[in-house]
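Quick one, what's the 3D model for this:
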Amino acid sequence: MTRKSKQPPKFVSEAAERRYWESHDSSDQVDWSKAERVRLPNLKPSTTAISLRLPVSLLERIKIAANKRDVPYQSLIKTWLAEKLN
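Take a look at the predicted model:
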């Protein structure tokens with residue numbers, strides 16, 4: 001079943017488009033039955049910096065473990081945290 005959908009307006013900026021879609025339902029203007037899944041392999045996830053206080057002895061042990069694996073200690077911490085959560 002196809003239905004006539006109205007076209008979204010032309011936007012003068014990305015900010016104007018963002019404001020529009022925050023307050024409007026896309027189901028009237030986009031035919032989601034024709035949507036296709038896409039892969040974005042080069043898309044980097046958003047990150048944020050945090051401050052984490054660790055005992056000096058623990059940090060030294062992490063740095064030694066990272067040095068043995070020849071990886072930055074911050075990367076090792078992220079890997080270990082991700083593994084623990086999974």
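
use CA for all of it now, contacts and neighbours both
OK.

Can you give me the distance of residue 29 to residue 8?
Here residue 29 is placed at a distance of 6 Å from residue 8 (C-alpha to C-alpha, to the nearest Å).

Mind checking what secondary structure residue 30 has?
Following DSSP: H, G, I helix; E, B strand; the rest coil, residue 30 is assigned to coil.

Counting neighbours, what do you get for it?
15 (other C-alpha atoms under 10 Å).

Next one: the residue sitting nearest the centre point of the chain from residue 86, what distance?
For the chain, the residue nearest the mean C-alpha position is residue 45 (3.6 Å; C-alpha atoms, centre = their mean). Between residue 45 and residue 86 the distance is 18 Å, computed by C-alpha to C-alpha.

Just the helices from the protein, written as ranges.
Taking DSSP state H, the helices of the chain run over residues 14-23, 56-69, 73-85.

Export these to a markdown table and append columns for distance to residue 34.
Putting the helices of the chain into a markdown table (distance: least, C-alpha to C-alpha, whole Å) gives the following:
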| stretch | distance to residue 34 |
| --- | --- |
| helix 14-23 | 19 |
| helix 56-69 | 47 |
| helix 73-85 | 35 |
